[in-house]
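**Q** the amino acid sequence is not available; the structure is as follows:
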Ligand code: SF4
């Protein structure tokens, strides 16, 4: 198993090298920096508070599943206590996106208290879950009452067999479909987190996009994460995929390939404009992204690819008049976007009102090319230490 995984890992590295031009096109902005295994007293909380908007709060390593694609290396009872959560929340400032994750956070009996602490600190509570407990409608209602604003649910397609191959031997699909039904009924905003494994579920990406479009009243985004051989990964496969492959597959649905990278560039350029204006830093995107408005069941590019490309060209050629022209031409949208980037959460709320669907193809690259700074920080209790690592979501 070890040899097979090692071989697989070296093939991943090789493919990354082959696709490096593409990867470079959306990753060059990240500086080499990673924070690891710092004691609580060593953590530069001011830096985190100032420079980051999204935090993963890893509240447990326990789980009610035993997935074969799990990133977690080990399981133990080492959990953040409520006191730890309170301490961390008191240092991260307000208005941040706090993603409560694990392991599986719903295994915590005191989850509602954790959520309350996040909310009481003036931050936004997101929940990253496998959704198994969410097949209970009352449980979903309780989560809503506790203050969870957004659910990120792992969902790997529509074939029961996929879950047997990737997750555990149980039929997770039926349970997850129940969870989705409950989330819809409770109008809880949801992101599907789809792990893509070559030869197993890459043929259902289009179907999943259609499902999200149809259910856009509550499904607001999809992350397609290419599986990587880290943690307890133990699936027999011949090859692996990268975000470039995902974009290729999605292009069969008419999603234009360049739209992903131009949108990513657009966000980064917009971030640079705001930072030149001396405004607050924004999340840089680790992944390419495509943003659609759903109108009468159809996907429409929220800003046309041609306009995005022109904007990015103008920006790169430092034609600021072009930027003003763009903003004027799309004054409602341009103004709204600029304003919105000043406050990520307000932006997301506004986007949600507009029936927007975001699609992110991504990949956990940290183990392959470590020492990379991203704008999402994971905080996890590990004995007396807090581990922070780069984790795109
Ligand atoms: S991948 Fe998630 S649901 Fe599966 S075992 Fe790991 S923590 Fe649990």
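**A** Ah, there it is. Here the structure is a predicted model, which means the values were calculated and not measured.
**Q** can you list the residues of this protein near the ligand?
**A** 63, 65-67, 70, 72, 102-104, 130 (C-beta under 6 Å from any ligand atom). Quick note: C-beta positions are derived from backbone N, CA and C, even for glycine.
**Q** could you redo the last one with a cut-off of 8 Å?
**A** Contacts of the chain with the ligand, taken as C-beta under 8 Å from any ligand atom, map to 63-67, 69-72, 102-104, 130, 132, 154, 167-168, 231-232.
**Q** show the buried residues in the residues you listed.
**A** Among the residues of the chain next to the ligand, those buried by neighbour count (16 or more other C-beta atoms under 10 Å) are 63, 65, 67, 69-72, 102-104, 130, 132, 154, 167-168.
**Q** could you work out the most separated pair of those residues?
**A** 71 and 132 (17.6 Å; C-beta to C-beta).
**Q** ok so, going back, quick check: helices, which of the buried ones among the residues of the chain next to the ligand are part of them?
**A** Among those, the subset assigned to helices under DSSP state H is empty.
**Q** mind checking which of the residues you listed are in strands?
**A** residue 154 (DSSP state E).
**Q** gap between the two ends of stretch 159-178?
**A** 15 Å (C-alpha to C-alpha, to the nearest Å).
**Q** then stretch 231-240?
**A** One end of stretch 231-240 sits 16 Å from the other (C-alpha to C-alpha).
**Q** average pLDDT for it?
**A** In this model, stretch 231-240 has a mean pLDDT of 76.
**Q** next, give phi and psi for residue 361.
**A** Dihedral pair for residue 361: phi -90, psi 130, per degrees, to the nearest 10.
**Q** correct me, but it touches residue 250?
**A** Yes - with contact defined as C-beta atoms under 8 Å, residue 361 and residue 250 form a contacting pair (7.4 Å).
**Q** and those two? which has more neighbours close in?
**A** Neighbours per residue (other C-beta atoms under 10 Å) separate residue 361 from residue 250, with residue 361 holding more: 27 against 21.
**Q** what residues are up against that one?
**A** If you count contacts by C-beta atoms under 8 Å, 6 or more residues apart in numbering, residue 361 has them with 224, 226, 243, 246-247, 250, 260, 287-288.
**Q** that one pairs with what?
**A** residue 224 (DSSP bridges).
**Q** got a pLDDT number for it?
**A** Residue 361 is assigned 83 on the pLDDT scale.
**Q** so it versus residue 82, what's the distance?
**A** According to C-beta to C-beta, to the nearest Å, residue 361 stands 37 Å off from residue 82.
**Q** for the nearest residue to residue 194 once chain neighbours are set aside, grab the count of nearby residues.
**A** Distance criterion C-beta to C-beta, 6 or more residues apart in numbering; nearest residue to residue 194, sequence neighbours excluded, is residue 224 at 5.1 Å. Neighbour count for residue 224, taken as other C-beta under 10 Å: 26.
**Q** distance of residue 224 from residue 161?
**A** On the measure of C-beta to C-beta, residue 224 and residue 161 end up 19 Å apart.
**Q** tell me the domain boundaries of the chain?
**A** Using automatic domain parsing, the domain ranges for the chain come out as 2-19+30-256+356-387, 261-281+302-353.
**Q** if you average pLDDT over each of these, which is lowest?
**A** Lowest mean pLDDT within these: domain 261-281+302-353, a mean of 62.
**Q** would you mind listing the buried residues in the host helix or strand of residue 161?
**A** Residue 161 belongs to helix 160-166 when assigned by DSSP states H and E. By 16+ other C-beta under 10 Å, the buried positions in helix 160-166 come out as 162-163, 165-166.
**Q** which parts of whichever helix or strand comes after it are buried?
**A** Later in the chain than helix 160-166, the nearest helix or strand by DSSP H and E is helix 172-185. Applying a neighbour-count criterion of 16+ other C-beta under 10 Å, one finds 172-173, 175-176, 178-180, 182-183 buried in helix 172-185.
**Q** list just the nearest of these to residue 53.
**A** Of these, the one sitting nearest to residue 53 (C-beta to C-beta) turns out to be residue 183, at 24.3 Å.
**Q** these two touch, right, that closest one and residue 217?
**A** No - Residue 183 is beyond contact range of residue 217, at 10.4 Å (criterion: C-beta under 8 Å).
**Q** run through who's touching stretch 203-213.
**A** 155, 157-159, 162, 192, 194, 196, 219, 221-222, 224, 246, 249-250, 252-253, 255, 294, 297-299, 357, 359.
**Q** give the contact list for the nearest residue to residue 184 once chain neighbours are set aside.
**A** In this structure, residue 184 finds its nearest non-sequential neighbour in residue 218, 5.0 Å apart by C-beta to C-beta, 6+ apart. Contacts for residue 218 (C-beta under 8 Å, 6+ apart) come out as 183-184, 187-190.
**Q** could you redo the last one with a cut-off of 6 Å?
**A** 183-184, 190 (C-beta atoms under 6 Å, 6 or more residues apart in numbering).
**Q** so what touches the helix holding residue 161?
**A** Here helix 160-166 makes contact (C-beta under 6 Å, 6+ apart) with 68-69, 156, 171-173, 200-201.
**Q** remind me which helix or strand residue 292 belongs to.
**A** Going by DSSP H and E, residue 292 is part of strand 290-295.
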